[in-house]
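[1] model the structure of this input:
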Amino acid sequence: MKFVVNGRPVEVKANENTPLLYVLRNDLGLVGSRFGCGSGQCGACFVLVDGRAMASCDLPVSFVAGKSVTTVEGLNGKVQEALIAEQAAQCGYCMSGIIISATALLARNSSPSEKEVREALDKNLCRCGSHNRVVRAVMRASREQA
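    The predicted structure follows:
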């Protein structure tokens, strides 16, 4: 199976039904995306597929054949810098998925409202309860990229 990961063409030998998350972590060594729920409901495993945030834990690797996948390791760091500046991360388990969702939002809307940020992050669960700081960080990243 051939696809692009973080701008680099890759070819993996995996069963077509293997979850993309397993291929990323186990075959390609990209461990930034996390296994959370295994059913695409928590956001910890989000990656960008052709620019769209998607759960990789229940997405068969065959879905990304010929497509471009971006993991948290392939991002430029602007959202991450804002999260650090706002002290938004606690345990950090959910942060890679949140960063992916925020990046997808800012790519399609460079100046989102607070409501739009909250809606974009709705599928990302954070048990630490740092959502308000995360929202502030995404708003900050929006202002700083302008």
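[2] host element of residue 9?
    strand 8-11 (DSSP states H and E).
[3] what about this structure, any weak spots by pLDDT?
    Along the chain, the model assigns pLDDT under 70 to residues 146.
[4] what's the strand holding residue 9 in contact with?
    Under the criterion Cβ atoms under 8 Å, 6 or more residues apart in numbering, residues 1-4, 28 lie in contact with strand 8-11. Just so you know, the C-beta spots here come from the backbone N, C-alpha and C atoms, and that holds for glycine as well.
[5] find the nearest non-adjacent residue to the most centrally placed residue in the chain, please.
    When Cα atoms, centre = their mean is applied to the chain, the residue found nearest the centroid is residue 100 (2.6 Å). Using Cβ to Cβ, 6 or more residues apart in numbering and skipping the chain neighbours, the partner closest in space to residue 100 is residue 46 (4.1 Å).
[6] distance of the one you found from residue 111?
    22 Å (Cβ to Cβ, to the nearest Å).
[7] where along this protein do the strands fall?
    Ranges of strands in the chain, per DSSP state E, are 2-5, 8-11, 46-49, 52-55, 68-70.
[8] for these, which one sits closest to residue 19?
    strand 52-55 (9.2 Å; Cβ to Cβ).
[9] list the buried residues for that closest one?
    Using 16 or more other Cβ atoms under 10 Å as the burial criterion, the residues of strand 52-55 that qualify are 53-55.
[10] can you redo those as CSV with distance to residue 81?
    Shown next, in CSV, are the buried residues of strand 52-55 (distance: Cβ to Cβ, whole Å):
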residue, distance to residue 81
53, 19
54, 24
55, 25
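[11] pick the one among those residues closest to residue 122.
    residue 53 (11.4 Å).
[12] residue 138 against residue 79, yeah?
    Yes - look at residue 138 against residue 79 with Cβ atoms under 8 Å: they come within range, at 6.9 Å.
[13] distance check, the residue nearest to residue 107 when sequence neighbours are not counted against residue 3.
    Spatial nearest neighbour of residue 107, chain neighbours left out: residue 51 (6.2 Å); criterion: Cβ to Cβ, 6+ apart. Here residue 51 is placed at a distance of 14 Å from residue 3 (Cβ to Cβ).
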